[in-house]
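Novice: What follows is a predicted structure for the sequence shown.
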Amino acid sequence: MTSTEEPLWNSSSYDSYDNEPEPCSKDGVRNFGSWFLPTFFSLVFLLGLAGNTLVVLVLFKYKRLRGMMDIYLLNLAISDMLFVFALPFWSYFVADEWVFGDGWCKFISWVYQIGFFSGIFFIMLMSVDRYLAIVHVVFALKARTVSYGSLASLVVWLVAITASIPELVFSKSVSYYNHTSCKPAYSKDDLTWKLFTSLEINILGLLIPFVVMFFCYGKIVKTLLHCRNEKKKKAVKMIFAVMIMFFVFWTPYNTVLFLQFLDAVGIFGGCLSSNNLDYASQVTQTLAFFHCCLNPVIYFFMGQKFKKYIKLFFRNCVFSKIFCKPCGLSDTLSSESSGSLYTQSTSDKEAL
């Protein structure tokens, strides 16, 4: 749940405006969200949980957390799992109403926000790690250690937890027109916290990460272009995939959130603009949420070695032994995985 405005699934039936004699009906928004959001929230939950659980299992079973990137990947997967943890509650909420009480409202909102900020911060840290590994190779040999990676991860979690405190403080279970919602409840006369949370999610959640990523990947591309190597070309494609995915999936949602804040303070005004922004928020929010499902794809499945780890993982799992052994697929996976796993280069530039 965002800190900026009452999320789409939190919209009550009516929002009142000081300059309007009648309340603004949002029944259409709620009816649309009651089937649209639960469907996609459930899909994001299943894909995000499955993909990030697989990442965690592979990291512990095969990678053994031997480098800084492994630490960041593990923490990114945990962040995404925290993020999707809240989605079943939001799905039930938007389909009916909030029935889990005030304390659980605060906790779920807080966990969701921590997952949101920490996930974006770890993507940013991974960009910095790639920058050091490719542009400052000598310095990276000393700096890119498990100890420094763990310390940086701890700092990220502390920043994410601190940035999410307003969500913990202001989120409440409230009832309007016999409909219970879980949402941030601010004072009607105090716009300070609304402005703060709106700027926080746009600056910390989009502007700063995008500037850092743009700088790091710009330097990386400049360095790799001087290396005429097919593997380096694949690395450049990977870099652009990361940048484009982040920008495309998150920018529309953050833009709509800021416009909703402007509407809340009366800059736009009017029931029509409020409803249109609500519809836009539903669509862009769903698009943004899918990014956590793509993180395993971007950072693992496009990598050089992870496909081999996946084959080996499924070959060794119980279900694979039961269903694949009769057709000989289990032995094939074993020979392919073990044969290519140890001939793979360990270069960080390849493992983008």
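Specialist: Alright, I've got the coordinates.
Novice: average pLDDT for stretch 91-98?
Specialist: Stretch 91-98 shows a mean pLDDT of 85.
Novice: How about stretch 311-318?
Specialist: In the prediction, stretch 311-318 has an average pLDDT of 70.
Novice: Now the helix or strand containing Tyr309: buried residues?
Specialist: According to DSSP states H and E, Tyr309 maps onto helix 306-316. Within helix 306-316, the residues that count as buried by 16 or more other Cβ atoms under 10 Å are Phe306, Lys308, Tyr309, Ile310, Lys311, Leu312, Phe313, Phe314, Arg315. Using the backbone N, CA and C atoms, a C-beta is placed for each residue, glycine as well.
Novice: again, but for stretch 102-117
Specialist: 105-117.
Novice: and for that stretch, what are the contacting residues?
Specialist: Contact partners of stretch 102-117, identified using Cβ atoms under 8 Å, 6 or more residues apart in numbering, comprise 1-3, 79-86, 89, 98, 100, 157, 159-161, 163-165, 167-168, 171-173, 182, 184, 204-205.
Novice: what about the strands in this protein?
Specialist: 14-15, 24-25, 171-176, 179-184 (DSSP state E).
Novice: now the ones you listed in CSV, with mean neighbour count?
Specialist: Formatted as CSV, the strands of the chain follow (neighbours: other Cβ atoms under 10 Å):
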stretch, mean neighbour count
strand 14-15, 18
strand 24-25, 14
strand 171-176, 17
strand 179-184, 22
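Novice: Dump these to JSON lines, plus mean pLDDT and distance to Ala288.
Specialist: Shown next, in JSON lines, are the strands of the chain (pLDDT from 0 to 100; distance: least, Cβ to Cβ, whole Å):
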{"stretch": "strand 14-15", "mean pLDDT": "37", "distance to Ala288": "23"}
{"stretch": "strand 24-25", "mean pLDDT": "69", "distance to Ala288": "25"}
{"stretch": "strand 171-176", "mean pLDDT": "86", "distance to Ala288": "19"}
{"stretch": "strand 179-184", "mean pLDDT": "84", "distance to Ala288": "18"}
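Novice: Name the stretch from the ones you listed that approaches Leu225 most closely.
Specialist: Among these, strand 179-184 comes nearest to Leu225, with 46.2 Å by Cβ to Cβ.
Novice: Could you spell out the sheet neighbours of the closest one, each with its direction?
Specialist: strand 171-176 (antiparallel) (DSSP bridges).
Novice: which one of the buried residues of stretch 102-117 is nearest Asp70?
Specialist: Relative to Asp70, and with distances defined as Cβ to Cβ, the nearest of the buried residues of stretch 102-117 is Gly115, at 19.9 Å.
Novice: how much space is there between the closest one and Met81?
Specialist: 8 Å (Cβ to Cβ, to the nearest Å).
Novice: what do you get for Ser164?
Specialist: 16 Å.
Novice: Neighbour count: those two, which is higher?
Specialist: Ser164 (22 against 19; other Cβ atoms under 10 Å).
Novice: re earlier: just the buried ones from the contacts of stretch 102-117?
Specialist: For the contacts of stretch 102-117, buried by 16+ other Cβ under 10 Å: 1-3, 79-86, 89, 98, 157, 160, 163-164, 167, 171, 173, 182, 184, 204-205.
Novice: ok so, going back, reformat the strands of the chain into CSV and put distance to Gly33 next to each item.
Specialist: Below are the strands of the chain laid out as CSV (distance: least, Cβ to Cβ, whole Å):
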stretch, distance to Gly33
strand 14-15, 14
strand 24-25, 14
strand 171-176, 16
strand 179-184, 12
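Novice: and Asn275, which of the ones you listed is closest to it?
Specialist: Of all the strands of the chain, strand 24-25 sits nearest to Asn275, with 7.5 Å by Cβ to Cβ.
Novice: what ranges of this protein fall below the confidence cut-off?
Specialist: Counting by pLDDT under 70, the chain has low-confidence residues at 1-23, 25-27, 188-190, 228-236, 238-239, 269, 299-307, 316-352.
Novice: make it 50
Specialist: 1-21, 323, 328-330, 332-352 (pLDDT under 50).
Novice: Quickly list the domain ranges of it.
Specialist: Domain ranges of the chain: 8-302, 305-352, per automatic domain parsing.
Novice: Would you mind finding the most buried of those domains?
Specialist: Ranked by mean neighbour count, these are led by domain 8-302 with a mean of 18 (mean count of other Cβ atoms under 10 Å).
Novice: Okay, and which of the contacts of stretch 102-117 map to helices?
Specialist: 79-85, 89, 157, 159-161, 163, 165, 167-168 (DSSP state H).
Novice: Tell me which two of these sit farthest apart.
Specialist: Phe89 and Val159 (24.7 Å).
Novice: picking up where we left off before, helices and strands around the helix holding Tyr309, which ones?
Specialist: helix 27-58, helix 329-341 (3 or more Cβ pairs under 8 Å, 6 or more residues apart in numbering; DSSP states H and E).
Novice: and with 10 Å instead?
Specialist: Judged by 3 or more Cβ pairs under 10 Å, 6 or more residues apart in numbering; DSSP states H and E, helix 306-316 is in contact with helix 27-58, helix 318-324, helix 329-341.
Novice: How about the residue nearest the centre of the chain: what's its closest non-neighbour residue?
Specialist: Most central in the chain under Cα atoms, centre = their mean is Cys292, positioned 4.1 Å from the mean C-alpha point. Take Cys292 and drop its neighbours on the chain: the residue closest to it by Cβ to Cβ, 6 or more residues apart in numbering is Asp80, 4.1 Å away.
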